[in-house]
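**Student:** Sequence first, then the predicted structure, then my questions.
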Amino acid sequence: MASARRSSFVSQYVGTLPDKDRLLYLEKLVLTSGEEIPDPYSIGEADWIVDIREWPIISWPDIHGYLIDTPSLYTKEKLRAYKSLDAVNYVLCGHVQEIKYHGISPESDFCLLRSLVLPSQRQGSSVIEHPL
């Protein structure tokens, strides 16, 4: 469970979440090792860089572990229903915009990636910014 001291390190976005979602979000900011990572929405724009050479090597088990084995709104059943090819098509069609990198700290083995993601169907003029 996320510690109480986390509340001073989170963005205003966290305060807009329903209680259940807020707890899941805060739990994701604490790694299994106990290391606390920063709330991606609280990191200043100047602290993100665009350089694919900084990215870690990511494999399918890493993605599965993140989506299935950490607190999430996604269940195994929801992910099984997902069309995996859609993700590739979204990238190829330009829905996933520039991907930015943030090294958490020199001592950390972890990093954050984020991107602007355009909706697959027009629902308004908003662009959604997601940490990856």
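**Tutor:** Happy to help now that I have it.

**Student:** distance of L118 from W60?
**Tutor:** Counting by CB to CB, to the nearest Å, the gap from L118 to W60 is 25 Å. Placement of C-beta: from N, CA and C, glycine included.

**Student:** Show me which of the two is the more surrounded one.
**Tutor:** Using other CB atoms under 10 Å as the criterion, L118 and W60 rank with L118 on top: 14 against 8.

**Student:** The more buried one against E98, yeah?
**Tutor:** No: L118 lies out of contact with E98 (CB atoms under 8 Å); the separation is 11.8 Å.

**Student:** which of the residues in the helix or strand Q97 falls within are buried?
**Tutor:** Under DSSP states H and E, the secondary-structure element containing Q97 is strand 96-103. By neighbour count, with 16 or more other CB atoms under 10 Å as the criterion, the buried positions of strand 96-103 are 96, 99-102.

**Student:** Tell me the helix or strand right after it.
**Tutor:** Next helix or strand after strand 96-103 toward the C-terminus (DSSP H and E): strand 111-117.

**Student:** Note down every partner strand of that next one and its orientation.
**Tutor:** strand 96-103 (antiparallel), strand 128-131 (antiparallel) (DSSP bridges).
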